[in-house]
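1. Starting from these lines, generate the structure:
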Amino acid sequence: MTEQTPTRLAPEALRHLPATIQRPAYDRDRTRIGVVHLGVGAFHRAHQAVYIDDALALDPDWAICGVSLNSRDVRDALRPQKGLYTLALLGQTPQLRVIGALREVLAARDERERVLGRLSDVDVRLVTLTITEKGYCLSAGELDFEHPDIAHDLANPRAPVSAVGYLVEGLRRRKLQRLPPFTALSCDNLPDNGGKLRRAVVAFAQRLDHDLACWIAENGAFPRSMVDSITPATDDALRSRVAAELGCVDAWPVQREAYAQWVVEDAFCNGRPPLERVGVTLSNDIAGYDRAKLRLLNAPHSALAYLGSLMDIGTVAQAMATPVLARFVERLMREAIAPNVVAPRGFDAARYVDAILERFRNPAIQHRLSQIAWDGSQKIPVRLLGTIADALAAGRPIDLLCLPVAGWLQFVRRQARDGVALTDPMNEALSQVGRRATGDAAQDVEAFLGLHGVFAPLATDVRFASALRDAYAALGDGSPEAVATALASAG
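-> Numbering: from 1, shown residues only. Next up, the predicted model:
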């Protein structure tokens, strides 16, 4: 007896799904592609595409053409499914939802002209991007004309390979057709993402055609944005669970925590989806939201990473299940960080802290502290030292804020003692200081403060140095027991 091939997720399978599975709340056949998304990876499909899926129930003109700039994998997985895929929301009660917003999936390396055709289609009015920071081909925040992809595209502008090259060629074709430009919306987590994208696109166009560059600068739009949602990688366990619950195979489901945030600058040039009706925050202070996230979310993450690692704890959820650490982190957020955050208008810091704490406690998200601990030399200055500097300027106490910084120093010392390399661009310098550390707070802290790439200009502030020495001494030998005692006694 031959084994039957499992049914594949496809439009005709939707009506046979169990009633517990949420499915598109609109007629997909009546939708039109109005969005091109560059970088159709897991985060986009778990985040922006879900908002657009909700928006399509209100306006059918904003379905998505997803473009993979380098890989064929997503196209090959989802094209047989007509773009359908499953989102697993990870919470106390996990939920599955089939997303229908992705009407077309293209692989740019094979289908360049189809991609450019979409970018110059009159129905397409919005191009969104999740290509990671390296995809913008920047150097010191500006377009790197020496980057191989940019050099290629300048020499072959009608056959681009970079995101910037595709945007400029698409806009050039629209100008020739007397079509208005599309809005280009960066959804990558880099500061001033829209500003960086605008400058890169205009600079590239300027090298090719001065009039085109002026037309883009005068008529185009590049809103800033902020996105947030933890999106673990798809694994075989997810695929098996989805297949069992759907009763059919999904080649590439995605998963994320239930929480999601998308803040967008309301600066579009050619219409937009009804984003404000599907949970998107429209604001002209994206920098304020970025700052709040950096300080109220990312800084406590780092605190959990270093203090929790010293306590031999594995994940964020396990750290939050450790009462002494959970209490300290909540105090850190409410008493030491929130008062030093200049929040955007309408931003409720207390509710934001509540939401973050709930996210941290979510046992369905296995966010490893060891991974969050990477690149401390890059993260500590922007996540914690800026808040400390603001607190000092305002005359506020910094003792709670210094404990996670001291935790990082103790973490570096422990890794160096154990001969474990740090995942950090300053590994060599940090490890040298860590190996020389003896546990004497005055000597060790003075040596670490000598790393001016991390601590300047706070390194010369006697108030900071004193508080950091006290915090370092309180952590003792950095053992789980010493750290727990220091946290219990904090403040």
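2. So the spatially most central residue of the chain: helix, strand or coil?
-> For the chain, residue 189 is the residue whose C-alpha lies nearest the centre (Cα atoms, centre = their mean; 5.0 Å). Using DSSP: H, G, I helix; E, B strand; the rest coil, the structure places residue 189 in coil.
3. could you measure the closest residue to it other than its chain neighbours against residue 279, distance?
-> In this structure, residue 189 finds its nearest non-sequential neighbour in residue 227, 6.4 Å apart by Cβ to Cβ, 6 or more residues apart in numbering. Where you see a C-beta, it was placed from the backbone N, CA and C, and this is true even at glycine. Computed as Cβ to Cβ, to the nearest Å, the residue 227 to residue 279 distance reads 12 Å.
4. hey, what's in contact with both of the two?
-> residue 262 (Cβ atoms under 8 Å, 6 or more residues apart in numbering).
5. Looking at these two, which one has more neighbours?
-> Taking neighbours as other Cβ atoms under 10 Å, residue 227 and residue 279 compare with residue 227 leading, 21 against 13.
6. Neighbouring strands of the helix or strand containing that one in the sheet, and parallel or not?
-> Secondary structure assignment for residue 227, by DSSP states H and E: strand 225-228. Neighbouring strands of strand 225-228 in its sheet, by DSSP bridges, are strand 261-264 (antiparallel).
7. what's the offset of the partner strand from the middle of its chain?
-> For strand 261-264, the gap between its own C-alpha mean and the chain's C-alpha mean amounts to 11 Å (Cα atoms, centre = their mean, to the nearest Å).
8. what's around the residue nearest to residue 135 when sequence neighbours are not counted, how many residues?
-> Leaving out its chain neighbours, the residue that sits closest to residue 135 by Cβ to Cβ, 6+ apart is residue 163, at 5.4 Å. Neighbourhood size, residue 163 [other Cβ under 10 Å]: 26.
9. Quick check: pLDDT value at residue 491.
-> Looking at residue 491, its pLDDT is 64.
10. what sits against residue 318?
-> Contacts for residue 318 were tallied using Cβ under 8 Å, 6+ apart; they are residue 308.
11. Need the pLDDT of residue 448.
-> 98.
12. What helix or strand is it located in?
-> Counting by DSSP H and E, residue 448 is found in helix 441-449.
13. Going by neighbour count, list what's buried in that helix.
-> Going by neighbour count (16 or more other Cβ atoms under 10 Å), the buried part of helix 441-449 is 441, 444-445, 447-449.
14. After it, heading C-terminal, what element do we hit next?
-> Per DSSP H and E, the first helix or strand lying C-terminal to helix 441-449 is helix 452-455.
15. Counting by contacts, list what that next one packs against.
-> helix 376-380, helix 441-449 (3 or more Cβ pairs under 8 Å, 6 or more residues apart in numbering; DSSP states H and E).
16. so how far is the first residue of stretch 279-286 from its last?
-> Distance between the boundary residues of stretch 279-286 (Cα to Cα, to the nearest Å) amounts to 16 Å.
17. And for that stretch, what's in contact with it?
-> 51, 54, 194, 224-226, 260-267, 275-276, 289, 344-346.
18. can you give me the mean pLDDT across it?
-> 96.
19. Show the contacting residues for the nearest residue to residue 137 once chain neighbours are set aside.
-> In space, residue 137 comes closest to residue 147 once its chain neighbours are excluded; the distance is 4.1 Å by Cβ to Cβ, 6+ apart. Contacts for residue 147 (Cβ under 8 Å, 6+ apart) come out as 137, 139, 162.
20. what's the first one in contact with, if anything?
-> The reference is to residue 137. Residue 137 neighbours (Cβ under 8 Å, 6+ apart): 143-144, 147, 149-150, 162-164, 200.
21. What is the neighbour count of residue 106?
-> If we define neighbours as other Cβ under 10 Å, then residue 106 has 23 of them.
22. ditto for the one 4 residues further on
-> Per other Cβ under 10 Å, the neighbour tally for residue 110 reads 11.
23. do residue 295 as well
-> The burial count for residue 295: 24, using other Cβ under 10 Å.
24. who touches it in this structure?
-> Taking Cβ under 8 Å, 6+ apart, one finds 337, 340-341, 383, 386-387 in contact with residue 295.
25. which one of those sits closest to residue 209?
-> The nearest member of those to residue 209, counting by Cβ to Cβ, is residue 386 at 41.1 Å.
26. how close does the closest residue to the closest one other than its chain neighbours get to residue 230?
-> Of all residues not flanking residue 386 in the chain, residue 295 sits nearest, at 7.4 Å (Cβ to Cβ, 6+ apart). Taking Cβ to Cβ as the measure, residue 295 falls 18 Å from residue 230.
27. same question, residue 13
-> Residue 13 is 29 Å from residue 230, by Cβ to Cβ.
28. I'd like the buried residues of helix 441-449 written out as CSV, with distance to residue 86 added.
-> Shown next, in CSV, are the buried residues of helix 441-449 (distance: Cβ to Cβ, whole Å):
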residue, distance to residue 86
441, 52
444, 51
445, 51
447, 52
448, 47
449, 50
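29. between those, which is nearest residue 119?
-> For the buried residues of helix 441-449, the nearest to residue 119 is residue 448 (49.8 Å; Cβ to Cβ).
30. backbone phi and psi for the residue nearest to the closest one when sequence neighbours are not counted, please?
-> Leaving aside its sequence neighbours, residue 448 sits nearest to residue 409 (Cβ to Cβ, 6+ apart; 5.3 Å). In terms of degrees, to the nearest 10, the main-chain angles of residue 409 are phi -60, psi -40.
31. I'd say residue 409 and residue 446 touch.
-> No - look at residue 409 against residue 446 with Cβ atoms under 8 Å: they stay out of range, at 11.3 Å.
32. Show me the domain layout of this structure.
-> The chain breaks down by automatic domain parsing into domains covering 11-284, 287-489.
33. can you give me the end-to-end distance of the last one?
-> Read it as domain 287-489. 35 Å.
34. The residue nearest to residue 189 against residue 256, yeah?
-> No - using Cβ under 8 Å, residue 227 is not in contact with residue 256, being 11.2 Å away.
35. Next one: the residue nearest to residue 386 from residue 210, what distance?
-> 42 Å.
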